[in-house]
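>>> sequence unknown, structure follows:
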């Protein structure tokens, strides 16, 4: 078994950064107690920021990007994993400060890995990816705040993106009436309705500065956009409702007021997927295996090779990538 493998590595330059495809060995990898033969990775919005250099995601140079991967354990000094185990990794600084998934091999801490449920293949795990795993955490967050299907409509912003697509599929299967907000309503309505959205609205209706309180509409919401959109969603959330926030596609700011919280008892729950405790990760992947319609997952998923990554990184930041992309790092 050869120690040589192919990887995409980002290097710092005087004018920014450059992406290079290189042949590496295990000696080029960082410390860890498990070596994984990577089958697939994917492209999340954060990956796009790293690949394009649009935000300082990468903090160690040179670095193999890719914030998640799925594959098979090749060797392990960790008591929880044995060669042949199928595993998935999401977050933990991988692709930011530790070599990530855009390579045919990875060496990481076993504490960062989760064994894949039997019903989920390594390809399906990356069709889900960090975006889908985050969507599941958002749905669980709504449930923990008492947002049930009988309470009313649930809004999903950034609906055609990875988080939004999986959130719609999950929520609709769980019996919620889902309203999807998309800046590509004209071209994406059919896609979003096929995933389970009962209605599609224009993202522009939420994107401009609004009033502290609007008409009560949403029992809950999954927001991947932030900024004015999140502020408006909060202002339109019904008494006792909840919003799970996990993204910043519009911006990191939150130009809102305390009115929704103190006058309507609205809960804003932050969803972090990077440092999530392992028990929550295991729960999320078990729920994905049970609650995600694989047919809908297939419908939102495209395929790519490692050579496509620089192009896809730019496109996802520009909002040109719909749904999920599975990257076969071995072609």
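Arrived safely. None of the values given here were measured: they were computed from a predicted structure.

>>> spell out the residue ranges of the helices in the stretch 51-200 of the chain.
For the stretch 51-200 of the chain, applying DSSP state H, counting those that start in this stretch gives helices covering 122-144, 162-173, 185-195.

>>> show me how far the shortest one is from its chain's centre.
Meaning helix 185-195. Relative to its chain's centre, helix 185-195 lies at 20 Å (Cα atoms, centre = their mean, to the nearest Å).

>>> poorly predicted segments of the chain, please.
By pLDDT under 70, the low-scoring segments of the chain are 1-2.

>>> find the residue at the geometric middle of it.
For the chain, residue 131 is the residue whose C-alpha lies nearest the centre (Cα atoms, centre = their mean; 1.5 Å).

>>> how about the contacts made by that one?
With contact taken as Cβ atoms under 8 Å, 6 or more residues apart in numbering, residue 131 is in contact with 42, 44-45, 161-163, 165-166, 324. Where you see a C-beta, it was placed from the backbone N, CA and C, and this is true even at glycine.

>>> distance-wise, check residue 134 relative to residue 78.
As for residue 134, its distance to residue 78 is 25 Å (criterion: Cβ to Cβ, to the nearest Å).

>>> which one's more surrounded, these two?
The neighbour count for residue 134 versus residue 78, taken as other Cβ atoms under 10 Å, is higher for residue 134 (29 against 16).

>>> skipping its backbone neighbours, what lies nearest the more buried one in space?
Distances taken as Cβ to Cβ, 6 or more residues apart in numbering place residue 273 nearest to residue 134, at 4.4 Å, with adjacent residues excluded.

>>> for the nearest residue to residue 102 once chain neighbours are set aside, what are phi and psi?
Among residues not flanking residue 102 along the chain, residue 66 sits closest, at 3.8 Å (Cβ to Cβ, 6+ apart). Dihedral pair for residue 66: phi 110, psi 100, per degrees, to the nearest 10.

>>> looking at this, residue 238 is in a strand?
Yes. According to DSSP: H, G, I helix; E, B strand; the rest coil, residue 238 belongs to a strand.

>>> secondary structure class for the residue lying closest to it once chain neighbours are set aside?
The shortest distance from residue 238 to any non-neighbouring residue, by Cβ to Cβ, 6+ apart, is to residue 216 (4.3 Å). Put simply, residue 216 is coil when judged by three-state DSSP.
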